[in-house]
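In: Quick one: sequence and predicted model below, then my questions.
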There are 2 protein chains.
Amino acid sequence: MPPQAINFHDKLQLISEHWSPKIIARMNDTHLKLVKIQGEFVWHSHPETDEVFVVLDGSMTIEFRDGVVTLNNGEMVVVPKGVEHRPVAAEECSVLLIEPTGTVNTGDAGGDMTAPPDAWV
Amino acid sequence: MPPQAINFHDKLQLISEHWSPKIIARMNDTHLKLVKIQGEFVWHSHPETDEVFVVLDGSMTIEFRDGVVTLNNGEMVVVPKGVEHRPVAAEECSVLLIEPTGTVNTGDAGGDMTAPPDAWV
């Protein structure tokens, strides 16, 4: 059997919880994850890795200590390794995350918003 | 300055040549590339790595020795390391590729359709 196509919309329909990334695919040691976000996340950084945000539906901002990046549908950003950031979305926003396997959503901050890094959908 | 947002549509407007992937971002040792495709590519594999195709606009198929995968806008697939495949698009299709730095489009096949693996847009 050939590999299977993955439809972002279909996968997103299976996700209701906010701030809880779900893995949809693995490429080598990289996970592709879908997450729905709304509200304000915690300030954190990932000391070990860069992280990619791709907005699939809606819009979000990522606050940095030196400015704010706005991402609309069809836009992406690379958050560099070790750089503090805080994702925020006024309304629900669907995001594709690309990051190494094992990356935890809250990075070095921990806390109540920490989600398991190994949940598939 | 915070990192910059990258808009897929804006970047795609800078690309006219088919089958010539252009890097738009780097996450650790992974490149994100945009490519416009039309027609039939060459059968090839990447002995060293998996490869992700995400269709941003249009539709394409990827032929495998044991079947065909169709990808429409908003769909993706992971081509496993070492698996022979041939991308095909009847009409122009815009694709986001995710693969390690240095990955050559024609993999082990080489030939006239080989593009430089280090061109940015």
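Out: In hand now; what should we look at?

In: Geometrically speaking, which residue is the centre of chain A?
Out: Centroid check for chain A by CA atoms, centre = their mean gives A:Leu97 as the closest residue, at 3.9 Å.

In: Going by contacts, tell me the helices and strands next to the host helix or strand of that residue.
Out: Assigning secondary structure by DSSP states H and E places A:Leu97 in strand A:85-100. For strand A:85-100, the packing partners by 3 or more CB pairs under 8 Å, 6 or more residues apart in numbering or on different chains; DSSP states H and E come out as helix A:8-12, strand A:30-40, strand A:51-57, strand A:59-64. Bear in mind the C-beta positions are built from the backbone N, C-alpha and C, glycine included.

In: Quickly check: the first one near chain B or not.
Out: Yes - Helix A:8-12 is in contact with chain B by CB under 8 Å from any CB of the partner chain, via A:8-9.

In: then that helix to PDB, C-alphas only?
Out: Only the C-alpha atoms of helix A:8-12 are listed here, as PDB (Å, rounded to 0.1, in the frame of the first residue of the first chain):
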ATOM      1  CA  PHE A   8      -5.800  19.000   7.500                       C
ATOM      2  CA  HIS A   9      -9.500  19.800   7.700                       C
ATOM      3  CA  ASP A  10     -10.500  16.300   8.500                       C
ATOM      4  CA  LYS A  11      -7.900  16.000  11.200                       C
ATOM      5  CA  LEU A  12      -8.900  19.400  12.700                       C
END
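
In: just how off-centre is it within its chain?
Out: Centroid separation between helix A:8-12 and its chain, computed with CA atoms, centre = their mean, to the nearest Å, is 15 Å.

In: and it, which residues are buried?
Out: Residues of helix A:8-12 classed as buried by neighbour count (16 or more other CB atoms under 10 Å in any protein chain shown): A:8, A:11-12.
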